[in-house]
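Engineer: Give me coordinates for this.
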Amino acid sequence: MAEITMTYHEGADGMLYPLLTAPEETVSMTNLGKFAVRAMEYLKENHNDRYRTLKRFGKLAEKMQEVENEANRMMDELENSYLKNNPPGDRNSTMEMWQLR
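Structural biologist: Model (predicted):
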């Protein structure tokens with residue numbers, strides 16, 4: 001197991017205090033879509049320990065991006081499966097295609 005090294009600074013009272021910094025998120029929280037936001041809300045309400053752990057280690061946005069990608073992939077598969085089983089009458093009709101999606 002890797003050894004964790006810490007840096008300290010000396011306070012005015014002569015005591016050594018650790019320099020603690022929170023890890024930064026590698027993925028921006030502002031770029032997350034609706035599936036990721038809902039998954040994050042679900043985690044926060046129902047699995048608060050896991051939510052706090054992911055947030056503390058700076059992995060929350062990364063994990064939510066994975067959830068978003070997986071949900072979008074599944075949505076595309078469902079949509080394609082539906083269109084395959086229920087083909088539109090006129091593929092060039094914007095309104096008909098919009099109603100199917």
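
Engineer: Would you mind measuring from Glu62 to Ser81?
Structural biologist: 29 Å (Cβ to Cβ, to the nearest Å). Using the backbone N, CA and C atoms, a C-beta is placed for each residue, glycine as well.

Engineer: What of Lys55?
Structural biologist: According to Cβ to Cβ, Lys55 and Ser81 sit 35 Å apart.

Engineer: So for Glu62 and Ser81, which residue has more residues nearby?
Structural biologist: Neighbours were counted for Glu62 and for Ser81 using other Cβ atoms under 10 Å; Glu62 has more, 13 against 10.

Engineer: Report the buried residues of stretch 6-26.
Structural biologist: By 16 or more other Cβ atoms under 10 Å, stretch 6-26 has no buried positions at all.

Engineer: contacts for it?
Structural biologist: For stretch 6-26, the external contacting residues (Cβ atoms under 8 Å, 6 or more residues apart in numbering) are 56-58, 60-62.

Engineer: So among those, which ones count as buried?
Structural biologist: 60-61.

Engineer: Just put the contacts of stretch 6-26 in JSON lines and tack on secondary structure and pLDDT.
Structural biologist: Shown next, in JSON lines, are these (DSSP: H, G, I helix; E, B strand; the rest coil; pLDDT from 0 to 100):
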{"residue": "Arg56", "secondary structure": "helix", "pLDDT": "88"}
{"residue": "Phe57", "secondary structure": "coil", "pLDDT": "86"}
{"residue": "Gly58", "secondary structure": "coil", "pLDDT": "86"}
{"residue": "Leu60", "secondary structure": "helix", "pLDDT": "93"}
{"residue": "Ala61", "secondary structure": "helix", "pLDDT": "92"}
{"residue": "Glu62", "secondary structure": "helix", "pLDDT": "92"}
